[in-house]
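Undergrad: Here is my input; please provide its structure:
(chains A and B)
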Amino acid sequence: MTQKSKWLAIALVAVLGIAGCNGGGGGATDTVTAPTGDKLTTSDSVEVMVFEGGYGKDFYEKAAEEYKAETGVTVNIVGDPRIDEQVKPRFVQGNPPDLTYPGWRFDHWKAVDDEEVMKLDSVMGGKAWKSEELWKDTFEPSILKLGYGSGGQYVLPYFYSVIGWWYDPDLFATNGWTPPTNYTELLALCQKIKDKGMAPITYQGQYPDYMISGMLTPWAISVGGIDQYMKMQNLEPGAWNSDAVIRAAKMIRELRDMGYFQSGATAMSHTESQSEFVNSKAAMIPCGTWLYSEMENTMPKDRKMKFFLPPVLIDGKGDPSAIMIKIEPWFVPQAAKNQEHAIGFYKYMTSKEKAQQFVTEKGTLMAVKGANQVDLPMHLQDAANLVASSSAIYAPQWRDFYPAMYKAVETNITKLVSGELTPEEFGAECEKAAEEIRNDNRVTKRTIE
Amino acid sequence: MRAARWRRNGFIVAFLSPAVLLYAFFVLIPFLQTFQLSFTSFSGVSSKRKFVGWENYQYLFKDEVLWTSFKNVAILLGVAGPIIFILSLLLAHAISGDSRGAKVIRAIYLFPQIISIVAVAVLWRFIYHPTGGILKGLGIHGPYDGWLGTSSTAFWCVCVAFIWVSLGFYTMLFSAGIRSMPREVLEACELEGARGWKKFAKVTWPMLFSLRRVAAVYVAIHVMATFALVNVMTDGNPADSTQVPLNYMVYLMHRESDFGGASALAAMNFFVVLAVSLVVMFLFRRNPEEGRAR
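TA: Predicted structure coming up:
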């Protein structure tokens, strides 16, 4: 008889197992035919899931209220610092939100590969929010194109960050230092700072991404030009073992060998090293324009910070105005139930008026044309001017396209900076990693132009 | 008769089913799904998945980072494991008395255990911090790149933190064992003049046999489950020198959207834990004292 109850339990488990397995699969939803964001007639609500980072979600919530007043459509904003953990299962269930900005921990290009993301090319050719202008023409073209991949405009930018170096204008003025405009000046300035007993440069060693973005990349572009960088991004044979990469690696080693990097920086997290910078233990740090808002609550009162371009070679082949930006990806899922309103709401959010509001309220730059022409806080002014006057705006797209390659370069740059690899070995190791990815048929290859 | 049997069986099923159902739903099914997923190309961002056979395993076997991570847990097991084992045993023996010092230690030894593991990791980051750390404050200058920034020191620093945080639990385990020993045996031992080391070696150690076995299996599982400490202290850095399998699994899942590969790693980790546990149980299969008594 106990045998019977045992079988009963097993049967229950089996039934649950089958139910559980089926739960993950289906869920195909009807999609609206050719949504444009202009036919705002239905009253279905829109669900928007957003990454709640340093800029919060209050702006989107307010925009949702205004949008409701304009159109009568309810927009529900769901925000969380780990929203990706909620967004991923929704995609797996086939029940994604209508519009999402899931943050950097969501692999949106993988979702594009899996045909989970709506292609927006035709929508972009439609009218912008309450305007006669085409929607695509309201974005900065160099920034909009960063959402283009796999033959379509799948991802749209909103706010973006600019990557460069930072200094404290008061500290520099007191000591008679000026931010270096090229690598030769950087070496001279570092010596002066070191003589004063201060660490010239610190970096976020635990996250080598900052070293790749703030040093290796601008210097490789300076040596080999932006074309060389595109070859690196596209993992072309020999691109990572090129003179450009090796010379850039040598510059990093030189700074280290001269004692211009803060001792122990390799062990520091981003907040730890940034604390060293805002507490004047180190004079310069590479970082994005999010630095100010990230450190605002922990830094000494009245602390100022200003932005400058990574100091490149005087005689470099690359465009000295080249500047790196990083966008935050927004997209409409292919299986969204209310694509029409999702697009409508995003059109509203990217209207010039709303974009300018975002810049003013949140202190970051926007991908919408004319949005940055407002009174900017000090920490953004130089970055905005440099972007406006740059003839070579680029983004590290290979970071999203080839995460395994990025990890390999992160590992190797840590070894380079600690002397475990010579610059030549660094180039060879990176090339080896690139070759592995080239031969890995699981990785979708995309050409970055 | 029949009705009585039904009642009894109904009673058993009623008591068993909540636990069985919860276990099946939250443990067994996800567990089996992990194995299933390890043979697919699941990205975790859509329901699409393709059967790829052993491909995920083949790629993992070629992955140097995976071997580094298994090497690291082997070091934790082979070096930190015995240290935890010996220190906690000695500590448990030392605090089994009624001296004032023993009472003080008894009151505080579980502190590391009750602090959240994330807080422990942050605390040890502070200890090792290259400019403001406690070690630096004590005049102990680490390597140029900092204790946690140098490949040759970072993992040993994690080991020390691991030992510190683990010690309390095993001390508690052994203390409980010592306290549950028959008083008369210990008293007889003391009457015959055996104290200190002799008492430990001749009475305490042999009588703790079954707990030693439990502790050894626990250490093995505990080591193989290391995640949060490494994730917060170093996230596997510098250059993967502190990587452990579970942290690498999370990396594969989130950074490379390779749920298939991550599941394969989880499955491999499961078999390694199983193998290690079996080896430990084999080593401790028979109580040597039992044979002697016969």
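Undergrad: Chain neighbours aside, what residue packs nearest to residue 133?
TA: Assuming you mean chain A. On the basis of C-beta to C-beta, 6 or more residues apart in numbering or on different chains, the spatially nearest residue to A:E133 that is not a chain neighbour turns out to be A:K127, at 7.2 Å. Where you see a C-beta, it was placed from the backbone N, CA and C, and this is true even at glycine.
Undergrad: The chain in question should be chain B.
TA: B:I127 (5.6 Å).
Undergrad: likewise A:F401?
TA: With C-beta to C-beta, 6+ apart as the criterion, A:F401 has its nearest non-adjacent residue at 5.3 Å, and that residue is A:R446.
Undergrad: Kindly indicate whether the one you found is helix, strand or coil.
TA: coil (DSSP: H, G, I helix; E, B strand; the rest coil).
Undergrad: check contacts around A:D170.
TA: A:K304 (C-beta atoms under 8 Å, 6 or more residues apart in numbering or on different chains).
Undergrad: picking that back up, burial measure for the residue nearest to A:E133, as a count.
TA: Around A:K127 sit 15 other residues, with neighbours defined as other C-beta atoms under 10 Å in any protein chain shown.
Undergrad: What of A:G370?
TA: As a burial measure, the neighbour count of A:G370 was computed by other C-beta under 10 Å and equals 12.
Undergrad: Could you do A:I323 as well?
TA: In terms of burial, A:I323 registers 21 neighbours under the definition other C-beta under 10 Å.
Undergrad: Could you check the pLDDT of it?
TA: A:I323 carries a pLDDT value of 96.
Undergrad: Excluding residues flanking it in the chain, which one is nearest it?
TA: Counting by C-beta to C-beta, 6+ apart, the nearest residue to A:I323 once its immediate chain neighbours are dropped is A:S390, at 4.5 Å.
Undergrad: So which residues on the stretch 101-250 of chain A come close to chain B?
TA: Applying C-beta under 8 Å from any C-beta of the partner chain, one finds that the stretch 101-250 of chain A approaches chain B through A:105-107, A:110-111, A:113-116, A:205-206, A:208.
Undergrad: doesn't B:L135 make contact with the residue nearest to B:G133?
TA: Yes: in this structure, B:I127 sits in contact with B:L135. The criterion is C-beta atoms under 8 Å, and the distance is 6.0 Å.
Undergrad: so which residue of the stretch 1-150 of chain B comes closest to chain A?
TA: Nearest to chain A, among the residues of the stretch 1-150 of chain B, is B:P130, at 2.3 Å (C-beta to the nearest C-beta).
Undergrad: can you pull the pLDDT of the closest residue to that residue other than its chain neighbours?
TA: Closest residue to B:P130 in three dimensions, ignoring its sequence neighbours and counting by C-beta to C-beta, 6+ apart: A:G264, at 2.3 Å. For A:G264, the model assigns a pLDDT of 93.
Undergrad: where does the stretch 1-150 of chain B come near chain A, residue by residue?
TA: That would be B:5, B:8-9, B:12-13, B:16-17, B:20-21, B:24-25, B:28-29, B:32-33, B:41, B:43-48, B:55, B:59, B:125, B:128-131, B:142, B:144-150, which are the residues of the stretch 1-150 of chain B within reach of chain A (C-beta under 8 Å from any C-beta).
Undergrad: List the contacts of the residue most central in space within chain B.
TA: Central residue of chain B (C-alpha atoms, centre = their mean): B:H222, 0.9 Å from the mean position. Under the criterion of C-beta under 8 Å, 6+ apart, the neighbours of B:H222 are B:S166.
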